[in-house]
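1. Below is the sequence, then the predicted model.
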Amino acid sequence: MAGNVRQQIDSLATANSDNTQWALAQVDVELLALQAAILQAQADPGSNLRDVRQRFDILYSRINTVSNSPLFRALRESDAASQSLARIDIFLSDTVPIIDSSNEDLRSALPELAQRTASVRSWTRQLTLEGVGVLSRSSDAQRVGIADTLSRVSIVATALLVILILMLAALFYMARLAKQQAQEESLVRARLASVIATSLDAILVVGRDGRIKDFNGAAEGIFGYRRDEAMGELVEDLIVPDHLKAAHRDTLQTYLKTGEKGVIGKGRVQLEGRRKNGEVFPLEVSVSTAESEDGEIFVAFLRDISRREAAKQELIKARDDAVAGERAKAELIAVMSHEMRTPLNGMLGTLDLIDPEKRGPKDAAYLDIIRASGNQLLYHVDNVLEVSRAEAGKMVLAHEPFSIRSLVREVVDGQQRVAETRGNHLSYSVRTRGQDYAIGDPVRIRQVLLNLVGNAIKFTRNGTVEVEAVRLDDGNMTEFRVKDTGIGIQPQDLQRVFDEFVTLDVSYTRAEGGTGLGLSIVKHLAKAMGGTVGLESAPGEGSLFWVRLPLPQIADDADPFSTHAGPAAEAEPVAPRKILIVEDNRINRIVLRDLLEQDGHQVDEATNGQLGVEATGRSVYDLVFMDISMPVLDGVEATRAIRRAEGSGLRLPIIALTAHALPAEKERFRAAGMDDILVKPISRKSLRQVLQAYLGQKPAAKAATTPRPEGPKIVDHAQFDELSNSLGRERAAKLVEDFLGETGAAIDTITQRLAAGETDETIRKDVHHAAGSAALLGAELLRGELARVEEGLKTGERYDQVTAGQITDAWQSTVRVLEGYLRNA
């Protein structure tokens, strides 16, 4: 655009210097002047012809200008003008020789020259008129072009003006913004300086050379140096303790050389500092880097945490004291409860030996009172133990198959007599939708139901108590309900009843006694089993307690080692057979052998799985009892070896012997080739049932060989009495002595290794062996503790001194009961 403007200006400048229109007009004027000069020369024969020649030269010059000047290029492009110029050029060319001739020749040619000049007059007129038209049109186009150019120039100028205005506005805004930022930065610097000056934390600015560049007021108060004393000094000389100087120096040098930051940018780090007086105290330090005019600097925030550390130590001490107190209280409760249970069991056991028929009615009544009071006290002691175990987190739950209907029926049947004494009607209903069998801890669930039913009976007189078990919609959740028509509970007490040692009537005239632990134990047990408890009640209308527990369902035929058709009838002994016992526990072998021999069977023994496999290869047996945990070769591998040797021949019944088995292990036993499982303690009844099932004359349903534990007992007197009757008192006494000697040594080893946190296969086998011996003699308390430990060891759980102490307590209680038996033998 700038070039176009320049061209237009040059064009205007050229047009002003050479007036084209004037030049064209002069062509016509000069032709007329030539005509006039010729006429004058004709009229005056004595005149000088110089004027004629001069006028011709001027005309010739004018025509030459029009023919060659760039100003007339547009004119020459016109056809009419081009034709006129051609005619005029011919005239000029023909006239030049005449003009250049002598005066005589020129004068004689004047008439002809006048005629020629007159003839060319029309062509000059046409050239002039055409030139005026062409030049007029050119001027118009030039004016339009100039106008367009000026318009574009004005637009550009306007745009430039707008841009300039915007730039000025932007510059003004930026100037204001810069001024505002400068003010804000000034305020920030002032605030920062104020924060640094008033900060409760010490703030140090240190250069790369380790010298202090800034030292705030808090630093003066913490370290004891004035700011002018600290400025420019090495930080390690002022505040770093002597034993940390080398580490500080190495860390700084490492960062300067390699860029390894160490504590820089790591957040708050606890270190130690030194005051001016030499005192070393704990510091919380946070270090970061920044850039300054002098290069990189280190900014350190330091907080004196002496008081916090002192308070922390006080809290730790207070916590340790509280924990020690709680532990001492728990241990006292546990020890006292165990110590109380021992004489109570002795007293109750002795009462069972007294024949009330040989006493008078009054003595019999006294014995009933003593027995009832002792049982009640034993129940309370057991509750205290259960709460202590739950609070210590040492409760080990079983996961075994059981029948919900059978469990509820057992609880209700056991409480019928108590309910009748208070005039109550006790009933139950089970709605499991064909899903009666579940996996859970039947002992704990029985305890929950016993506490709820006992509580309902206690606070209901001449009413009804109903126990319900219902499978909920998801199938794996079961709800147990206990409804009564008793006295009910006030709304403000609905939540308190589940607290420990809560009795709603605390007056001396209250009608019902109790420790206030029954419902608390229900809550603890339900929580331990992953369930919830709840209560609905109204005063005078009765109460509804419910417990929801996750109990995964199993099919009726899911357990290959038990039937669930109900209690088996008393089995008769089968015809004498040849039986092999594969058991490493001597006491277990003695009991099982004597029971079998008393029924007339021929018995061989093997002390490990390898010997058992070899025995089946040498002799033909009708049945094998196979222990699970044995040295050399365990029962599972021995069973596999026997099955491989059988091929497609007759199948030898193999019955597993174990004190405790998880459902998954039962499936493993079945997969190995075992036909059934006999859970210790082994009674004559269960032994005959399994023999009848596999060796009887007629096929019989497999016996329910997995006995249901009835609750925590030190020794199952029924089991022990059956053993004593089967073996004879002398043989049984010898068996007890052997048990006390062998198992006592094993218990010492087990408790020591458990307290040390050992979990290897050796200790698991020792626990299994001891549990089997305890189960054989009916030592339920000891067997239960050992079985729970064995179950935990199988899953990798570690135990401590608390568990070892529980096993020791169970062993001591068992020893006292068995020693009492020996004294009376």
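-> On my side now, so go ahead. This is a predicted model, so every value here is computed, not measured. Numbering: from 1, shown residues only.

2. how many neighbours does the nearest residue to residue 35 once chain neighbours are set aside have?
-> What sits nearest to residue 35 in space, not counting adjacent residues and going by CB to CB, 6 or more residues apart in numbering, is residue 117, at 4.9 Å. (Each C-beta comes from the backbone N, C-alpha and C, glycine too.) Neighbour count of residue 117, defined by other CB atoms under 10 Å: 23.

3. and for the helix or strand hosting residue 117, what are the contacting residues?
-> Secondary structure from DSSP states H and E places residue 117 in helix 110-119. Identification of contacts with helix 110-119 by CB atoms under 8 Å, 6 or more residues apart in numbering yields 31, 34-35, 38-39, 41-42, 52, 91, 94-95, 98, 106.

4. List just the nearest of the residues you listed to residue 269.
-> The closest of the contacts of helix 110-119 to residue 269 turns out to be residue 31 (CB to CB; 113.6 Å).

5. need the contact list for that closest one.
-> Residue 31 touches 59, 117, 120-121, 124, counting by CB under 8 Å, 6+ apart.

6. Ok, residue 631 next?
-> Contacts of residue 631 by CB under 8 Å, 6+ apart are 584, 608, 765.

7. follow-up on the earlier one: in the helix holding residue 117, which of the residues would be classed as buried?
-> Neighbour-count burial for helix 110-119 flags 110, 113-114, 116-117 (criterion: 16 or more other CB atoms under 10 Å).

8. for that helix, what is the average pLDDT?
-> Helix 110-119 shows a mean pLDDT of 82 in the predicted model.

9. would you turn the contacts of residue 631 into TSV with distance to residue 737?
-> Shown next, in TSV, are the contacts of residue 631 (distance: CB to CB, whole Å):
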residue	distance to residue 737
584	20
608	25
765	24
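
10. buried subset of those residues?
-> For the contacts of residue 631, buried by 16+ other CB under 10 Å: 584, 608, 765.

11. and which of those is nearest to residue 307?
-> Nearest to residue 307 among the buried ones among the contacts of residue 631 is residue 765, at 55.6 Å by CB to CB.

12. Would you mind listing the outside residues contacting the strand or helix carrying the closest one?
-> Here residue 765 sits within helix 761-776, counting by DSSP H and E. Contact with helix 761-776 is made by 584-585, 587-588, 591, 627-629, 631, 657-660, 679-682, 723, 739, 742-743, 746-747, 749-750, 753-754, 782-783, 786-787, 789-790, 793-794, 814, as judged by CB under 8 Å, 6+ apart.

13. can you do 6 Å?
-> Residues outside helix 761-776 that contact it (CB atoms under 6 Å, 6 or more residues apart in numbering): 585, 587-588, 591, 629, 659, 680-681, 739, 743, 746, 750, 753, 782-783, 786-787, 789-790, 793.

14. tell me the centre residue of this protein?
-> residue 530 (21.3 Å; CA atoms, centre = their mean).

15. In the sheet, which residues pair with the nearest residue to it once chain neighbours are set aside? Tell me.
-> Leaving aside its sequence neighbours, residue 530 sits nearest to residue 550 (CB to CB, 6+ apart; 5.1 Å). Assessed by DSSP bridges, residue 550 has beta-bridge partners residue 477.

16. Tell me how far residue 550 lies from residue 397.
-> 12 Å (CB to CB, to the nearest Å).

17. what does residue 56 give?
-> 143 Å.

18. Over to residue 757?
-> Taken as CB to CB, the span from residue 757 to residue 397 is 22 Å.

19. quick revisit: looking at the contacts of helix 761-776, which are in helices?
-> 587-588, 591, 739, 743, 746, 750, 753, 782-783, 786-787, 789-790, 793 (DSSP state H).

20. Alpha carbons only: can I get the longest strand seen in the chain in PDB?
-> Assignment by DSSP state E gives strand 280-292 as the longest strand of the chain. Extracted C-alpha coordinates of strand 280-292, given in PDB (Å, rounded to 0.1, in the frame of the first residue of the first chain):
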ATOM      1  CA  VAL A 280      20.800 -30.000  74.300                       C
ATOM      2  CA  PHE A 281      17.100 -30.200  73.600                       C
ATOM      3  CA  PRO A 282      14.700 -31.900  71.100                       C
ATOM      4  CA  LEU A 283      13.900 -29.900  68.000                       C
ATOM      5  CA  GLU A 284      11.400 -30.300  65.100                       C
ATOM      6  CA  VAL A 285      13.100 -29.000  62.000                       C
ATOM      7  CA  SER A 286      11.900 -28.300  58.500                       C
ATOM      8  CA  VAL A 287      14.400 -27.200  55.800                       C
ATOM      9  CA  SER A 288      13.800 -25.900  52.300                       C
ATOM     10  CA  THR A 289      15.800 -24.000  49.700                       C
ATOM     11  CA  ALA A 290      15.100 -20.700  47.900                       C
ATOM     12  CA  GLU A 291      16.900 -18.300  45.600                       C
ATOM     13  CA  SER A 292      18.100 -14.900  46.600                       C
END
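
21. Flag every buried residue along it.
-> Buried residues in strand 280-292 (16+ other CB under 10 Å): 282-287.

22. Tabulate those in CSV, adding columns for distance to residue 308 and pLDDT.
-> Converted to CSV, the buried residues of strand 280-292 look like this (distance: CB to CB, whole Å; pLDDT from 0 to 100):
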residue, distance to residue 308, pLDDT
282, 8, 90
283, 11, 87
284, 8, 86
285, 14, 86
286, 15, 85
287, 20, 87
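
23. Nearest to residue 537 among those?
-> residue 284 (55.2 Å).

24. Was I right to think that closest one contacts residue 271?
-> No: between residue 284 and residue 271 there is no contact under CB atoms under 6 Å: 7.9 Å.

25. shared neighbours, those two?
-> Joint contacts of residue 284 and residue 271 (CB under 6 Å, 6+ apart) do not exist.

26. what element comes up after the helix or strand hosting residue 132 heading to the C-terminus?
-> For residue 132, the enclosing helix or strand under DSSP H and E is helix 121-198. For helix 121-198, the following helix or strand on the C-terminal side (DSSP H and E) is strand 202-207.
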